[in-house]
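**Student:** Turn this into a structure:
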Amino acid sequence: MSPDRRAPLAAVVLSAGCALDPATLRDDIAEVHAPCDAEALARRTAGSGLQALFEPCGSNQFLHHAWSPSGLRLYYQTPSGPWLLDAATRRLQPLPIGFPIGAAAWFDDEHLVFPERARTGFDVAEYDVRRNTFSVTQIGLHDLGSLHRGEGPDEVLLLAAPGPGEVRVPTRLHARSGRSRPAFPWLDDEVDDFTYRASQRLVALRPRGADHVRVHDAETGAERHRFEGASRASVSSDGRFVVIEGPGETRPAFPPSAGPGLARFPTMAGRASVTPPQLSVFDTRTGQRVELEGVHGTSFTWYDARDYFGTFVLWGLDEEETNRNLVLVHLDPWLARAGVVDLPAARGSPRRGGTGDP
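**Tutor:** Model (predicted):
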């Protein structure tokens, strides 16, 4: 990944045509815009119990990511296209599959399925990693999103509308035949986002325009849990824990000590305030909720190859925004410190061999 190319604050101010004298800037404001210190950021990340998968100071813009079932391959997408990381060899390669329009899912360690835009609508494509080939299935669905693995050998669940401009609902799709049907006939709400855990038959969804997430039994529609103020939730493979995502507390983008002389700059940059995204873990047995204090991120995905590991896009640490990265976290220590003592034995800890080695 390329290093961070942000201009120093003085250059930003001058290029914006602002008359503010950079020499009058307070030290704490200048420090916010100091060049990225890779070693210091790596130490902070590791000290927070996180393993970074890419360069600490990379200018990373992650759109989607998904681990293969064995945890040996990581698919991810950036504005430059889709990539595949081999976690064992650390080999990184671009994928010759065009530019998927949404998240991808693994059928197994060799087959990846993803949505793409076609001339007359949308297709679903399957990529064979070993053979380096892919096949395309035309589907009569539109406005695709939120793709997840289903129960059948070629089944995925995704958000889709039956026609242009129609309501998007979770839909079951057989990717190799194109056959589809509503995933949850009991669901009356239009959905903004959802995750699905096939092994537990549980769906976590956010209704359109809502500020809460509900977890339902996929078969009966019975509501199991509701999380107010949340934007997304993801259920662990055994159904024991739910990782909840949502906004933290909004704070000024610059500290109060900056003084009134800088009032124009955050507004000019569109950053008068900042809301760090917050992660927490909910224990479905006890109802206890554990905040991952000092760690801020989005797009959490369970790393199912080992118990209670997960990956998310790191936003920052201790309410301070940092360079984006994909990080691996083991939740057991966080849960144990919070008093959750009846944790199943994990299948191991991440090896500290370096970037890309989970």
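**Student:** what's around residue 208, how many residues?
**Tutor:** For residue 208, the neighbour count with other CB atoms under 10 Å is 12. (C-beta placed from N, C-alpha, C; glycine too.)
**Student:** Distance of it relative to residue 188?
**Tutor:** Look at residue 208 and residue 188: by CB to CB, to the nearest Å, they are 11 Å apart.
**Student:** Now do stretch 81-90: distance to the chain's middle.
**Tutor:** Taking CA atoms, centre = their mean, to the nearest Å, one finds stretch 81-90 lying 17 Å from the centre of the chain it belongs to.
**Student:** Sorry, slip of the keys, the one I care about is stretch 328-341.
**Tutor:** For stretch 328-341, the distance to the chain centre is 20 Å (CA atoms, centre = their mean).
**Student:** Now do it, average pLDDT.
**Tutor:** What stretch 328-341 shows for mean pLDDT is 93.
**Student:** looking at this protein, which helix or strand does the model trust least?
**Tutor:** Each helix and strand of the chain was given a mean pLDDT (mean pLDDT, DSSP states H and E); the minimum falls on helix 9-15 at a mean of 25.
**Student:** Now do the helices for the stretch 1-150 of the chain: every range, in order, please.
**Tutor:** Using DSSP state H, counting those that start in this stretch, the helices of the stretch 1-150 of the chain run over residues 9-15, 27-32, 38-47.
**Student:** mind listing the strands in the stretch 201-350 of the chain by residue range?
**Tutor:** All strands of the stretch 201-350 of the chain, identified by DSSP state E, counting those that start in this stretch, fall at 202-207, 212-217, 223-228, 232-235, 241-247, 251-252, 273-274, 277-283, 289-303, 309-317, 320-330.
**Student:** need those in TSV with mean neighbour count, can you?
**Tutor:** TSV is the format used below for those (neighbours: other CB atoms under 10 Å):
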stretch	mean neighbour count
strand 202-207	22
strand 212-217	20
strand 223-228	14
strand 232-235	24
strand 241-247	22
strand 251-252	12
strand 273-274	14
strand 277-283	21
strand 289-303	19
strand 309-317	23
strand 320-330	20
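**Student:** Lowest mean pLDDT across the ones you listed, which one is that?
**Tutor:** Lowest mean pLDDT within those: strand 251-252, at a mean of 77.
**Student:** what does that strand contact?
**Tutor:** With contacts defined as CB atoms under 8 Å, 6 or more residues apart in numbering, strand 251-252 is touched by 266, 272-276, 319.
**Student:** again, only this time at 7 Å
**Tutor:** Applying CB atoms under 7 Å, 6 or more residues apart in numbering, the contact partners of strand 251-252 are 273-274, 319.
**Student:** if we can go back for a sec, and residue 116, which of the strands of the stretch 201-350 of the chain is closest to it?
**Tutor:** Of all the strands of the stretch 201-350 of the chain, it is strand 289-303 that lies closest to residue 116, at 20.3 Å by CB to CB.
**Student:** Strand partners (parallel or antiparallel) of that closest one?
**Tutor:** strand 277-283 (antiparallel), strand 309-317 (antiparallel) (DSSP bridges).
**Student:** So which of the ones you listed is nearest residue 49?
**Tutor:** Short answer: strand 309-317, nearest of those by CB to CB, at 10.9 Å.
**Student:** Let's see the closest one as CSV, backbone CA atoms only.
**Tutor:** Extracted C-alpha coordinates of strand 309-317, given in CSV (Å, rounded to 0.1, in the frame of the first residue of the first chain):
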residue,chain,number,x,y,z
PHE,A,309,-11.6,-13.6,16.0
GLY,A,310,-12.7,-10.9,13.7
THR,A,311,-11.6,-8.3,11.2
PHE,A,312,-12.8,-4.8,10.7
VAL,A,313,-11.7,-1.5,9.1
LEU,A,314,-9.8,0.5,11.6
TRP,A,315,-11.0,4.1,11.9
GLY,A,316,-8.8,5.2,14.8
LEU,A,317,-7.7,4.7,18.3
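**Student:** can you list the strands of the stretch 201-350 of the chain in TSV and add distance to residue 100?
**Tutor:** Putting the strands of the stretch 201-350 of the chain into TSV (distance: least, CB to CB, whole Å) gives the following:
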stretch	distance to residue 100
strand 202-207	22
strand 212-217	25
strand 223-228	29
strand 232-235	20
strand 241-247	22
strand 251-252	35
strand 273-274	30
strand 277-283	24
strand 289-303	15
strand 309-317	17
strand 320-330	17
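**Student:** thought residue 161 was touching residue 143?
**Tutor:** Yes. Counting by CB atoms under 7 Å, residue 161 does reach residue 143; the two are 4.4 Å apart.
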